[in-house]
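Participant: Here is a sequence together with a model predicted from it:
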Amino acid sequence: MAKQLKYSDRILIVRPIEDVFDIVTDVKRASEWNKSVLGVEIINKGPWSERAKSIWHLKSGKETLEMIETVTGFSRPNTITSTFEITRFLPPTPQQIKDRKLPNINHEYELAEQFTGVFGNNPVTGNATMELVAAGDNETTLQVSYNISIGGVTGAIGRISGLFRRKPLKKLLKNIKTVAEAAPENVDG
């Protein structure tokens with residue numbers, strides 16, 4: 001049985017709404033405000049908009065994950081919604097193999113088994129929403145909401161211990177605020 005996790009939080013950013021929207025929808029800059037992002041591959045060319053698709057490479061402890069995101073709603077400068085699916089752990093890099101003294105084995109198979117044990121047989125899926133509201137001439141309220149479905153050991157631990165009651169969006173929102181308020185004027189999206 002999958003565990004449904006819901007998170008929502010907001011922050012006030014001293015920056016015009018259009019600038020904040022352009023910063024949070026520029027996936028090439030995602031690692032500036034989300035420290036778990038190692039890189040993003042844009043699957044379809046053209047402007048970031050509804051139905052845009054990308055592959056995100058994320059840090060998760062000592063491993064890296066692959067996540068596929070599909071934009072489901074895009075209304076500049078107020079809303080972006082998306083679905084995401086974390087599909088697998090990625091093989092360790094040669095440097096990780098060296099640093100962690102891993103044996104020379106089939107890491108793809110080992111990581112697939114580990115992913116199944118941690119998250120269950122199905123991928124981790126969810127929805128994300130970023131809503132922006134002008135709070136004044138030069139202020140924006142940014143609200144981020146996630147709804148995530150996790151199975152396996154992680155879901156079971158979450159059901160038993162209340163592991164997911166903390167506020168995981170606080171740091172993300174603070175990072176977005178810092179980047180947005182420090183960005184030069186006339187940010188291009």
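Facilitator: Cool, the structure landed.

Participant: Tell me which helix or strand in the chain has the weakest average pLDDT.
Facilitator: helix 152-161 (a mean of 56; mean pLDDT, DSSP states H and E).

Participant: which element is Asn175 on?
Facilitator: helix 169-182 (DSSP states H and E).

Participant: So the nearest residue to Thr178 once chain neighbours are set aside versus Asn122, what's the distance?
Facilitator: The shortest distance from Thr178 to any non-neighbouring residue, by CB to CB, 6 or more residues apart in numbering, is to Trp33 (7.5 Å). All C-beta atoms are positioned from the backbone trio N, CA, C, and that covers glycine. Separation of Trp33 from Asn122 (CB to CB, to the nearest Å): 29 Å.

Participant: And for Leu172?
Facilitator: In terms of CB to CB, Leu172 sits 25 Å off from Asn122.

Participant: which one of these two has more residues nearby?
Facilitator: Leu172 (19 against 13; other CB atoms under 10 Å).

Participant: still on that earlier bit, for the residue nearest to Thr178, give me phi and psi.
Facilitator: The phi/psi pair for Trp33 (degrees, to the nearest 10) reads phi -110, psi -10.

Participant: now it: how far from Glu69?
Facilitator: For Trp33, the distance to Glu69 - CB to CB - is 15 Å.

Participant: For stretch 42-58, what does the pLDDT average out to?
Facilitator: Mean per-residue pLDDT for stretch 42-58: 78.

Participant: Now that stretch: buried residues?
Facilitator: Buried residues in stretch 42-58, counted by 16 or more other CB atoms under 10 Å: Trp48, Ala52, Ser54, Trp56, His57, Leu58.

Participant: So which of those residues sit within helices?
Facilitator: Among those, the subset assigned to helices under DSSP state H is empty.

Participant: List of residues touching stretch 68-75?
Facilitator: 25, 48-56, 79-85, 87, 127-128 (CB atoms under 8 Å, 6 or more residues apart in numbering).

Participant: Might you report the residue contacts of Asn127?
Facilitator: Contacts of Asn127 by CB under 8 Å, 6+ apart are Thr72, Thr81, Ser82, Thr83, Phe84, Tyr146, Asn147.

Participant: and the nearest residue to the first one once chain neighbours are set aside, helix, strand or coil?
Facilitator: Once its chain neighbours are removed from consideration, Thr72 has its nearest residue in Thr81; the separation is 4.9 Å (CB to CB, 6+ apart). Local secondary structure at Thr81 is given as strand here, using DSSP: H, G, I helix; E, B strand; the rest coil.

Participant: show me where the protein has helices.
Facilitator: 17-24, 30-33, 94-99, 107-119, 152-161, 169-182.

Participant: For the last one, which outside residues touch it?
Facilitator: For helix 169-182, the external contacting residues (CB under 8 Å, 6+ apart) are 7-15, 19-20, 23-24, 29, 32-35, 140, 142, 144, 146.
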